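1. Coordinates only, no sequence provided:
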């Protein structure tokens, strides 16, 4: 019988995976009317990675990122109790998490998909934390992965310059509350503005003569960039401040600001509103573009490998995007060794 005592949780490993194919701004200028200077100035993106080949899917990236995290701590996949795949671009509309569970050999894990677009990893982290707090599970694998190149209209300059493909993963383990590193979280949704960023279903035709039944297809990514920018720079700082104040942690005590890698202007605007130095922003946006649910765990994994984040650092993680959804998690980092 499982114990339902309140536990803490900490990240014990991270991993990531990126496709090998690079698409530079100059490459994009051959597809739509733009330039490297135009894209870099407005977004901070210089190149992005794309998954190529008909036989490659999001599963491949998610499996590599997961194995990378497991290998770092020599954990056998059978020790994983729960897998949450945060994605908006599954290889199977019924979900891809179960396929990943099989591919990595996590035979004892429950697995399911979570859809919250660019906020997905944050919501996945918080969801996993709930299972660990109650003692229901001990080891959870949270994967953020997206292959939005499959859903981009490559003739639409407003979106095709932004998105790349990647996967990132983190293993979250229960621990005594005295060692808890997930200090607090804040999650929000405002569906009134969901039309600002979406991949809508389009009806095609009535296919049954005896009933009003329609079939269709999903369209390309549609985004109102100005409205998404306004939403992010107004709501994300408020979410972060609410989280910090509940913990009685000053903004001055924040060591790292890890935001969803959407646009360099958003990253700097949020930091400015919080009076956080730009030197504390973790960013790899220039190399990968907006990788949706993968952006936060990918940047986290790189920051850990580069030893930017050290023991006891206060890390503010915030995701935001389609829904519209946004969320903050405050972490006191603990060494992975």
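-> Received the coordinates, thanks. Note that the structure is a prediction, hence the values are computed from the model and not measured. Numbering: from 1, shown residues only.
2. From now on I want contacts and neighbour counts done on CA atoms only, so please keep to that.
-> Will do.
3. ok, and for the lowest-mean-pLDDT helix or strand in the chain, which residues are buried?
-> The weakest-scoring helix or strand in the chain, judged by mean pLDDT, DSSP states H and E, is strand 201-206 (a mean of 80). With burial defined by 16 or more other CA atoms under 10 Å, not one residue of strand 201-206 is counted as buried.
4. Over to stretch 115-127?
-> For stretch 115-127, using 16+ other CA under 10 Å, the buried residues are 115, 116, 117, 118, 119, 120, 121, 122, 123, 124, 125, 126.
5. In CSV, list those residues along with distance to residue 77.
-> Below are the buried residues of stretch 115-127 laid out as CSV (distance: CA to CA, whole Å):
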residue, distance to residue 77
115, 24
116, 26
117, 26
118, 27
119, 26
120, 23
121, 20
122, 23
123, 23
124, 19
125, 19
126, 21
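6. Residue 12: which of those is nearest?
-> The closest of the buried residues of stretch 115-127 to residue 12 turns out to be residue 125 (CA to CA; 12.9 Å).
7. any low-confidence regions in the stretch 1-150 of the chain?
-> Residues of the stretch 1-150 of the chain that meet the criterion pLDDT under 70 lie in 1-5.
8. The same query, at a cut-off of 90, please.
-> 1-7, 53-55 (pLDDT under 90).
9. Helices along the stretch 151-300 of the chain, start to end?
-> For the stretch 151-300 of the chain, the helices defined by DSSP state H, counting those that start in this stretch occupy 157-160, 225-247, 264-274, 285-288, 295-305.
10. Pull the contacting residues for the residue positioned nearest the centre of the chain.
-> For the chain, residue 293 is the residue whose C-alpha lies nearest the centre (CA atoms, centre = their mean; 2.5 Å). Contacts for residue 293 (CA atoms under 8 Å, 6 or more residues apart in numbering) come out as 86-88, 116-121, 144-146, 167.
11. what's the nearest residue to residue 312 if we skip its chain neighbours?
-> Once flanking residues are discounted, residue 312 sits nearest to residue 333: 5.0 Å by CA to CA, 6 or more residues apart in numbering.
12. distance of that neighbour from residue 98?
-> Using CA to CA, to the nearest Å, we find residue 333 at a distance of 30 Å from residue 98.
13. now do residue 52
-> For residue 52, the distance to residue 98 - CA to CA - is 23 Å.
14. Contacts for the helix or strand harbouring residue 61, please.
-> Per DSSP states H and E: residue 61 is located in helix 58-72. For helix 58-72, the surrounding residues in contact (CA under 8 Å, 6+ apart) are 13-19, 76-77, 89-91, 96, 99-100, 103-104, 141, 143-147, 166-171.
15. Separate out the buried members of those.
-> 13-19, 77, 89-91, 96, 99-100, 103-104, 141, 143-147, 166-171.
16. I'd like to know which of those are part of helices.
-> Among these, DSSP state H puts 99, 100, 103, 104 in helices.
17. Using CSV, please lay out these together with distance to residue 312.
-> Shown next, in CSV, are those (distance: CA to CA, whole Å):
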residue, distance to residue 312
99, 36
100, 32
103, 35
104, 31
